[in-house]
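compute the structure for the input listed below.
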Amino acid sequence: MTLQPTDFAVGTGETIGVYGPNGAGKSTLLLALAGLLPLASGTITVGGQVLGDDLSALAYHRRIAAVFQEPLLLRGTVLHNVGLGLALRGVGGTEREARVRRVLEQLRIAHLADRHVAMLSGGEAQRASLARALVLEPEVLFLDEPFAALDQPTRRRLVRELGELLGERRLATVFVTHDLAEASLLCDRCAVLDAGAILQNERPVEMFARPRTPRVAEILGLMGDESSSVIEARVAGQDLESDLARLEFTGGALEVPDVDSLVGEQVRVRVHARDVSLALSRPSGLSIRNVLAGRIVALVERQGPSLDVQLDLGGTPLIARITRKSASDLGLRPGLPVFALVKSISIDRRSVGYP
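Next up is the predicted model:
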């Protein structure tokens, strides 16, 4: 795969996702950034130093770590495998063991320290691989679909725990994935890659709300012309009688059906623009549960009889699709306060991205 000329940057404490179809060039980009593939043109700059000019490949590789889809563990115990990189860097036995045990504790596999790696489950082996990378205390971490071979419950736990660790360690992280829910949870920004070119690179929420091209929308599974919003929320409660969960987000709350999640967990909910209605005043006497106060940011023209109304719900973006006639009848304009009506039943489990 040949990568197209592009600028790609990741800052300290930032996690950038790389998402795209098979053959898009995701792993090629990651290997190039990690200095494992030669560049035909262009440069890699780390903290102002140019790789191959001011910064040697060996010096760069001592500042980075990588975790791949398949755990690459050698013979021996977990303790030995996780400490191998430190041993190669000359870290003494006492200090090495202390650092290894500390990171094993953080990844909740301290009890596996003396177990032979051949006896590990898939999830345990991948935790050991993550521990081997993190114990090096790298400045940059590269993750190439590290959860792809794991079952869903294991993936869910690992993604959540890794997100906490990345937040604590303030690493610059590049995360290649095929899973949009994982990207939404872990990443500050996500780069959509296709045929070696980056088509869009911004926050997952903004990308879902406003795909830059029909191809981006297609890659994101938005069926080309479909507009939707992704709302980042926390599960605040469960009503077992009505089978509804209450999700709280910046600027409001939603009630959604059948959310298989625990109170306190972070989730992502996709709301299709076609399922959002608008009103100028808070309606009464209706059974609809989700009435969200907001303000119009912009009216976006579309082909045909409809347009998209971009809303700000006190810090959270939302898109509503209505007809031009309805917009005219309501006198909609930027800055106007409105109420967005969203039926709970229109948000089902398939619309929710879990950690």
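
the residue nearest to residue 139 when sequence neighbours are not counted: how many residues sit nearby?
Counting by Cβ to Cβ, 6 or more residues apart in numbering, residue 139 lies nearest to residue 63, which is 4.6 Å off, once chain neighbours are set aside. Where C-beta positions appear, they are placed from N, C-alpha and C, glycine not excepted. Neighbourhood size, residue 63 [other Cβ atoms under 10 Å]: 15.

my guess is residue 63 meets residue 140, correct?
Yes. Residue 63 is within contact range of residue 140, at 6.5 Å (criterion: Cβ atoms under 8 Å).

anything in contact with each of the two?
Common contacts of residue 63 and residue 140, defined by Cβ atoms under 8 Å, 6 or more residues apart in numbering, comprise residue 46.

just the element for residue 125, please.
Using DSSP states H and E, the element containing residue 125 is helix 122-134.

distance between that helix and the chain's centre?
From the chain centre to the centre of helix 122-134 is a distance of 20 Å (Cα atoms, centre = their mean, to the nearest Å).

and it, which residues are buried?
Within helix 122-134, the residues scored as buried using 16 or more other Cβ atoms under 10 Å are 123, 124, 125, 126, 127, 128, 129, 130, 131, 132, 133, 134.

what bits of this structure have low per-residue confidence?
1, 209, 221-226, 240, 258-261, 303, 348-355 (pLDDT under 70).

do you know how far residue 98 is from residue 134?
Distance, residue 98 to residue 134, using Cβ to Cβ, to the nearest Å: 14 Å.

what element comes up after the helix holding residue 125 heading to the C-terminus?
Counting by DSSP H and E, the next helix or strand C-terminal to helix 122-134 is strand 140-144.

got the CA coordinates for that following strand in PDB?
Output in PDB follows, covering the C-alpha atoms of strand 140-144 (Å, rounded to 0.1, in the frame of the first residue of the first chain):
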ATOM      1  CA  VAL A 140       4.800   7.200  22.000                       C
ATOM      2  CA  LEU A 141       2.600   4.000  22.000                       C
ATOM      3  CA  PHE A 142       1.500   2.300  18.800                       C
ATOM      4  CA  LEU A 143      -1.500  -0.100  19.000                       C
ATOM      5  CA  ASP A 144      -2.300  -2.200  15.900                       C
END
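
neighbouring strands - and their directions - for it?
Strand 140-144 pairs in its sheet with strand 64-67 (parallel), strand 172-177 (parallel), by DSSP bridges.

buried deepest among those strands, which one?
strand 172-177 (a mean of 24; mean count of other Cβ atoms under 10 Å).

and that strand, C-alpha only, in CSV?
Extracted in CSV, the C-alpha atoms of strand 172-177 (Å, rounded to 0.1, in the frame of the first residue of the first chain):
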residue,chain,number,x,y,z
ALA,A,172,1.0,10.0,22.6
THR,A,173,-0.9,7.0,21.2
VAL,A,174,-1.7,5.9,17.6
PHE,A,175,-4.5,3.3,17.7
VAL,A,176,-5.4,1.3,14.6
THR,A,177,-8.8,-0.4,14.8
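
show me what whichever helix or strand comes after that strand is packed up against.
Following strand 172-177 in sequence order, the next helix or strand is helix 180-186 (DSSP H and E). Packing contacts for helix 180-186, counted by 3 or more Cβ pairs under 8 Å, 6 or more residues apart in numbering; DSSP states H and E, involve strand 15-19, helix 152-169, strand 172-177, helix 204-209, strand 266-272, strand 352-353.
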